[in-house]
Structure formats: C-alpha cells, structure tokens
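K.L.:
What follows is a protein structure lacking sequence information:
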C-alpha cells in the first residue's frame, strides 16, 4: 500500500525535494494520547520530517517521513529524529517497520538461547498462535497449554483445587499457581500464564468482563503478576491480553 | 460493505424489481473449480437469481442474489435456489451468511453436549484460538495443548519416544499417538491432534513443508487420520490445517 499508493502521491506533492524516506517506530504500553503528549512539539504541521501517529490493536505506530534532496540527508534526518523519539519513549518502543511483538520476543529468546512456555486460559491459544507464526519458533517455544476448564488447570498445571475454590479461576492467586505449575512441568526458562474473563458472559460486579491476570516467572521466581481491566469485545480482550503478555516477556528480556 | 455499497448500487440498476435479497452459503472441502463445475449451469450471466463464487481462506462462499417485485417472491426464489445448491453440494456446505467453521462446530458440540480437546503441533494454538473466539466455548472446550517440542509430546500426551524416533514427529503414527494420549488424559468426548511442517524451514524431500497429519478420535476409537499436503506460506499452512481439523470435527458430528 505504502510503496504503491502513498509514496507516489507524496512524490507528486514535492517537486524539488525528490528523496522521500520513511520509518515506523512501534510503541506498546502507552496510550495514543500519552504518545501524542510526549511527541507533540515534534509533530509540526507540514514539518520536515513529518511525524504522525497511527493507533493499532494494542500498539501505536509513530511514522517519520523525511523529504530531502539527497538520500544521505534523508537517512540522517530520520536517524536524528528516531534518536530523539527513542530518547523520549524509551523501552516503550518495541520495534520498527515490520516488527511485531512476537517477532521481537522471538529474536530476543533466540539470542539469549532461552525457551518459553505458555499457559493460557482467556487468551485461548492466541499467544501460542502468535509466537508460532514466527518461522524458527520451534527453537524457543517449548510448549503451550490452553486450560479452559478448572480440571485442565489442575491436571496440566497442578493448580490446587483449593486455590480455585477460594480465590476463583480468575484471580492473582490462580495466575501465580498456573505459572509456577507450568515451569515446574516444563524445561522452559520463562513461563507466562494468563487467566481472565473474555466475555461477553461470565462477568460479575466483583469480576467484570475484561478482568485479566498475567503472571511471568523464570526458574528462580515469579517475576511479575499484573492485573488488567480491558474494555471491548471478546476478540479484542483476547488480543490485548496477548499483547500485554508478549510485552511482559519483552520487558523481562530487556533486563 | 455489502449494505453500504453493493446493495445501493444494485438497487440503482434495477428499476422495476425493487426488492433485492441475498444469501451466502459457505462451502469447505471442495476446490473453487469443483464448486464452479457443480453449479455452472445455475450461474447464468445476468440471471435471476444471480449466483457467484468467492474464494476465501480454505473455504468458498456461494452468493445468491434475488431481484423481485415483492419480499415474499425474493424469499421464495432464494429458498428454492438454496435447496438446489444444497442438493448438489451436500455436506460440503457448512453454514450460511456469518457462520464460521468454529461457530458451526461450537453450536454442534453444544447441542450434542459434547466436549472437545485439541493437541496442536504445527497449528501452534490456532485451532484453540479459533474455537475460543466463540462466546460460550468454555461450555464445550475442555483443554488444548500446544506440543511444539518432542518432550512436550511425550509429557503432555504420552507419545512414546520410540514412535517419534521410528516414524518422526510428523507422521501418521505420531498423530495417532497424540490423539490417543490426549483423550486418555482429558474428560473430553472428542479429541483432535495435528502434527506437520509449517515451514519455511524443516522440510525434507520425504517430508516437505506443508505435510500435515490430522487425527480425530472419540472415546471409542480413532475415527480418522488424514494426510494433507498444503502449499503456501507458514501462516496459510497453519490456517488450512486448522480449517481441515475443524471440518473433520464437523463431519464427525454430522453423523
């Protein structure tokens, strides 16, 4: 689309500055308005480079378009701008251009020679699906379990029935027990567990649709357990929870 | 799109016949050319009803458009045509309009009060993801395992190491062992197991990229084990294998 439609159109509009280069930086873990606020002074109308935001599903794309007379000037203008944006948004930038969270996480796992295991309740296999969309993922994806029933949570992950009974299948305690049981049973170095209510049914006043717990552990200990409240339809809640889970792995691996 | 663009355009073209109704029948397990051949005499240019084909990912949509003077005449024309198309394509028609294979399978499982378990290697969680996209799937989806490593196949499904060693992880024997182990460990009534090579790497002359085995079993016995050879990129191979797996469940439940 970009190459075929946008670039020719942009070229038409500028007559002297014939070199147009662009780059997309991808941001996760910030709202569009937060990104907008951080970069507002750079996003000048008709500026060069031109900087624009595009909100995706659980991520924001920052587009940089440079128009110059020479290739090297465009490259330099993009590089300088990218450096400034990276300075402001830091680790919230997960990649560029064609990167996805799953491709970035995959590369990091491969480089660190680490293996990953996943236990999914409300995301229902989406995290495993996204990870295995990346060619070569068999090198670092050890296993996934989709534990929709309480019995599956007990049998495949050893979640104590008392934990589910006392705190509920959607609770921090269950998420923690899930990730602990997962890593105990797998040779993987890192485990992630997700439990939540994807809706549209199954919500209660105390535990509404969109409530999700995500726990991340390594062989040493549980590193993190996050509570999230997502709005939206079933598939969007699944997507956002998967996005968050992948991002937790990414931020853990950055350390 | 249809309501906003196509319907007004169609209405413009016909002046007397003001009632336009349409219906889509969805077909799986047949190539586009096979559907075309079966329906060719019905697909008259400018005919009424107008019948057209649209190829999707692993399924074909047959569109029926009726133009008449009254609502009831349109309904009747569609019904008669649908009946004839159903007579010709039979069980290859899995649904209509907004149905998906996963929604149809879900409804059948629910109606029959049966539970499903899934063991995925090359589809990597896509089958579980599609099934759990349907609201209410927790009623009939008992568990899923994504067994990417051989160790996971052994530990989560009890696939004998000798089977993998002798026949390979991608083989009919392994697919059979996977589905047997799955149902032995789960309370589900129906199990499906998929193993294959999604590529682009990992293929050999004997076992090329796109080779997939899918086994379906119930509590009695293994009902079916299918070998498929898919062409295309990694994500398309995953999709087609998931499509085939869901269709096997559907045809099993039709009996």
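P.N.:
Ah, there it is. Computed from a predicted model, the values in this text were never measured in an experiment. Numbers count the residues shown, from 1 in each chain, chains lettered A, B, ... in the order given.

K.L.:
how about residue A:135, what does it touch?
P.N.:
Contact analysis of residue A:135 by CB atoms under 8 Å, 6 or more residues apart in numbering or on different chains lists B:199, B:200, B:201, B:234. From N, CA and C alone the C-beta is placed, and that goes for glycine too.

K.L.:
Now do the contacts for the last one.
P.N.:
Contact partners of residue B:234, counting by CB under 8 Å, 6+ apart, are A:133, A:135, B:198, B:199, B:200.

K.L.:
again with the first one
P.N.:
Under the criterion of CB under 8 Å, 6+ apart, the contact list for residue B:199 reads A:135, B:209, B:210, B:233, B:234, B:237.

K.L.:
now for the residues you listed, which pair is the farthest apart?
P.N.:
Distance extremes for these: the farthest pair is A:135 and B:210 at 13.7 Å, using CB to CB.

K.L.:
Quick one: neighbours of the residue of the stretch 151-255 of chain A found nearest chain B, just the number.
P.N.:
Among the residues of the stretch 151-255 of chain A, residue A:152 lies closest to chain B, at 3.7 Å counting by CB to the nearest CB. Neighbour count for residue A:152, taken as other CB atoms under 10 Å in any protein chain shown: 25.

K.L.:
re earlier: let me have the contacts of residue A:135 in TSV, extended by pLDDT and secondary structure.
P.N.:
Shown next, in TSV, are those (pLDDT from 0 to 100; DSSP: H, G, I helix; E, B strand; the rest coil):
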residue	pLDDT	secondary structure
B:199	91	coil
B:200	92	coil
B:201	90	coil
B:234	96	helix
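
K.L.:
where does stretch A:107-125 sit relative to the chain's centre, distance-wise?
P.N.:
Taking CA atoms, centre = their mean, to the nearest Å, one finds the center of stretch A:107-125 at 12 Å from the center of the full chain.

K.L.:
got the end-to-end distance for that stretch?
P.N.:
Terminal residues of stretch A:107-125 lie 21 Å apart, using CA to CA, to the nearest Å.

K.L.:
Over to stretch A:39-46?
P.N.:
First-to-last residue span, stretch A:39-46, CA to CA: 15 Å.

K.L.:
Do me a favour and average the pLDDT over it.
P.N.:
Model confidence over stretch A:39-46 averages 90 on the pLDDT scale.

K.L.:
ok so, going back, okay but the residue of the stretch 151-255 of chain A closest to chain B is in contact with residue B:145, surely?
P.N.:
No. The criterion here is CB atoms under 8 Å, and residue A:152 misses it with residue B:145 at 9.1 Å.

K.L.:
Now for the two: what residues contact both?
P.N.:
Common neighbours of residue A:152 and residue B:145, counting by CB under 8 Å, 6+ apart, are A:145, A:146.

K.L.:
How about the residues of chain A by chain B?
P.N.:
A:118, A:120, A:123-129, A:131-133, A:135-138, A:141-149, A:151-152, A:155-156, A:185-187, A:198-202, A:234-235, A:238 (CB under 8 Å from any CB of the partner chain).

K.L.:
now the helices: where do they sit in the stretch 51-200 of chain A?
P.N.:
Taking DSSP state H, counting those that start in this stretch, the helices of the stretch 51-200 of chain A run over residues A:71-89, A:101-111, A:126-132, A:150-157, A:161-167, A:172-185.

K.L.:
pLDDT below threshold where in chain A?
P.N.:
Across chain A, the ranges flagged by pLDDT under 70 are A:1-2, A:10-17.

K.L.:
hang on, the earlier thing: which entries within the residues of chain A next to chain B meet the buried criterion?
P.N.:
Buried subset of the residues of chain A next to chain B (neighbour count, 16 or more other CB atoms under 10 Å in any protein chain shown): A:118, A:120, A:123-129, A:131-133, A:135, A:137-138, A:141-149, A:152, A:155-156, A:185-186, A:198-199, A:202, A:234-235, A:238.

K.L.:
ok, now which ones touch the residue of the stretch 151-255 of chain A closest to chain B?
P.N.:
Contacts of residue A:152 (CB under 8 Å, 6+ apart): A:145, A:146, B:142, B:143, B:186.

K.L.:
what's the closest of the residues you listed to residue B:20?
P.N.:
residue A:146 (43.3 Å).
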